[in-house]
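Engineer: Provided below are the primary sequence and the corresponding predicted coordinates.
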Amino acid sequence: MTSPIPTRTQVAIVGAGPSGLLLGQLLHKAGIDAVILERQSGEYVLGRIRAGIIEQTTAELLDEAGVGARMHREGLPHDGFDLASDGGRLRIDLARLTGGKRVMVYGQTEITHDLMDARAAAGLPTVYEARDVTPLDYDGEHPRVRYTTQDGLVHELQCDVIAGCDGFHGACRASLAPERITTYEKVYPFGWLGLLADVPPVAHELIYANHERGFALASMRSMTRSRYYVQVSADERVEDWSDQRFWDELAQRLGPETAAHLVTGPSIEKSIVPLRSFVAEPMRFGRMFLAGDAAHIVPPTGAKGLNLAASDVGYLARALVEFFKERSTLGIDHYSQRCLRRIWKAERFSWWFTSLMHRFPETGAFGRRMQQAELDYLTHSVAAQTALAENYVGLPFED
Ligand code: FAS
Ligand code: PHB
């Protein structure tokens with residue numbers, strides 16, 4: 001018998017992706033009540049294959065939320081990655097270039113699983129398959145969220161704060177009058193076709209490949225499960241890509257030496273994601289706060305999406321603890337400005353790395369030469385490699 005869903009809470013969290021679940025866990029640790037309202041089923045949320053690389057600061061937040069144990073047991077710490085282009089390979093030695101910082105390979109699906117398990121174990125209220133979720137009255141001091149459950153009953157959740165953790169297509173940002181929000185967007189003329197397979201990775205670290213046929217990325221989830229991507233044009237359909245066609249294209253783009261070690265096998269997931277850069281400003285509207293993909297999107301090249309979501313949530317959780325426990329509005333008043341400074345730097349890095357590594361037919365031979373010159377500069381400049389490395393491991397938090 002599931003416990004009845006409260007009609008009142010301190011924080012109404014819309015969305016049970018990594019942002020909503022991590023916020024719920026951090027607030028619970030601080031003794032602040034929250035209810036999560038999620039449009040999909042838990043199984044659906046877990047079925048989405050997304051990010052794979054987490055920054056040290058994200059790992060620390062997961063530890064703070066009390067859900068880091070399996071990540072430390074099963075995650076793969078990585079000290080570097082390779083850039084492949086024109087037949088050559090350049091290793092970016094993250095640890096050496098950043099004074100020992102590294103990243104962790106641990107899939108977003110696993111993080112979501114760990115957060116869902118912790119929330120269920122604590123008996124915290126989550127409404128899955130909530131429909132028509134609508135944030136209301138957040139410009140006053142008594143916001144509320146209306147939603148419909150599977151049985152067709154309409155409910156209202158009274159709260160003090162609404163956290164819009166509902167992703168790029170969510171209801172919270174969409175509820176705002178256009179004149180209240182400024183958006184910045186760049187849509188790339190291509191997407192990533194991703195494939196997940198239970199085969200050993202082609203290399204022990206990630207390989208980002210700039211090939212004349214297009215970008216490719218060799219990543220992983222463990223030493224027995226690999227995650228690969230190839231750049232495809234924006235109008236491609238996943239139905240047109242058999243596993244064999246994918247493997248053949250990936251082999252070409254990784255080059256013969258690497259492809260000689262490529263173990264292929266049946267895909268367990270295959271999907272195409274569009275690439276865009278997007279930021280919505282500001283991120284606070286009275287008692288409603290946007291966090292994660294609800295406020296920004298980056299092309300996945302720099303592995304920043306999930307990590308930016310985590311840093312927003314870190315800032316928001318701290319601000320809400322100050323608000324509820326210390327009756328201070330300092331944190332919530334500075335939330336948007338603090339997040340956006342970090343967001344725009346990650347947007348820049350993700351755009352730069354995407355521009356460097358992908359094929360842009362519209363920029364012609366000159367554009368290709370610019371990429372080759374930048375890759376040559378990276379090969380011979382420790383300063384250039386350091387700039388890449390410090391952005392990839394994640395810039396420090398600024399207060
Ligand atoms: P999410 O979109 O993950 O979660 C939002 C949640 O809100 C979802 O569960 C959704 O069902 C729910 N929701 C939406 N509307 C709602 C409503 N009206 N009412 C209630 N609930 C609602 N990042 C990387 O670093 N590397 C990658 O390779 C990578 N690949 C990606 C592939 C795809 C297809 C996408 C979309 C993103 C990818 N990202 C990647 C970025 C991704 O990892 C996000 O940054 C991360 O999921 C952000 O988490 P959330 O902010 O929780 O948003
Ligand atoms: C992934 O493993 O899904 C992944 C890794 C690195 C990226 C993007 C995605 O830059």
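Structural biologist: Nice, thanks for sending it over. Only a predicted model underlies this, so the values are computations on that prediction, with no experimental measurement involved. Numbers count the residues shown, from 1 in each chain. Ligands and ions are numbered 1, 2, ... in the order given.
Engineer: and residue 359, what does it touch?
Structural biologist: Residues counted as contacts of residue 359 (CB atoms under 8 Å, 6 or more residues apart in numbering) are 190, 210-215, 231. (C-beta placed from N, C-alpha, C; glycine too.)
Engineer: so it lies in a strand, does it not?
Structural biologist: No. Inclusion of residue 359 in a strand is not indicated when DSSP: H, G, I helix; E, B strand; the rest coil is applied; the result is coil.
Engineer: may I have the phi/psi pair for it?
Structural biologist: When quoted as degrees, to the nearest 10, the phi and psi of residue 359 stand at phi -90, psi 120.
Engineer: repeat that for residue 85.
Structural biologist: Its backbone dihedrals place residue 85 at phi -160, psi 140, with angles given as degrees, to the nearest 10.
Engineer: one step back: drop anything exposed from the contacts of residue 359.
Structural biologist: For the contacts of residue 359, a neighbour count by 16 or more other CB atoms under 10 Å gives the buried set as 190, 210-211, 214-215, 231.
Engineer: farthest pair in the contacts of residue 359?
Structural biologist: With distance counted by CB to CB, no two of the contacts of residue 359 lie farther apart than 190 and 212, which are 14.2 Å apart.
Engineer: in JSON lines, list the buried ones among the contacts of residue 359 along with pLDDT, secondary structure and distance to residue 349.
Structural biologist: Shown next, in JSON lines, are the buried ones among the contacts of residue 359 (pLDDT from 0 to 100; DSSP: H, G, I helix; E, B strand; the rest coil; distance: CB to CB, whole Å):
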{"residue": "190", "pLDDT": "97", "secondary structure": "strand", "distance to residue 349": "19"}
{"residue": "210", "pLDDT": "98", "secondary structure": "strand", "distance to residue 349": "16"}
{"residue": "211", "pLDDT": "97", "secondary structure": "strand", "distance to residue 349": "22"}
{"residue": "214", "pLDDT": "97", "secondary structure": "strand", "distance to residue 349": "21"}
{"residue": "215", "pLDDT": "98", "secondary structure": "strand", "distance to residue 349": "16"}
{"residue": "231", "pLDDT": "98", "secondary structure": "strand", "distance to residue 349": "18"}
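Engineer: save the residues you listed as TSV, and put in distance to ligand 2 too.
Structural biologist: Supplementary listing: the buried ones among the contacts of residue 359 in TSV, determined by distance: CB to the nearest ligand atom, whole Å:
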residue	distance to ligand 2
190	15
210	14
211	16
214	15
215	11
231	12
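Engineer: count the residues that sit near residue 94.
Structural biologist: By other CB atoms under 10 Å, 22 other residues sit near residue 94.
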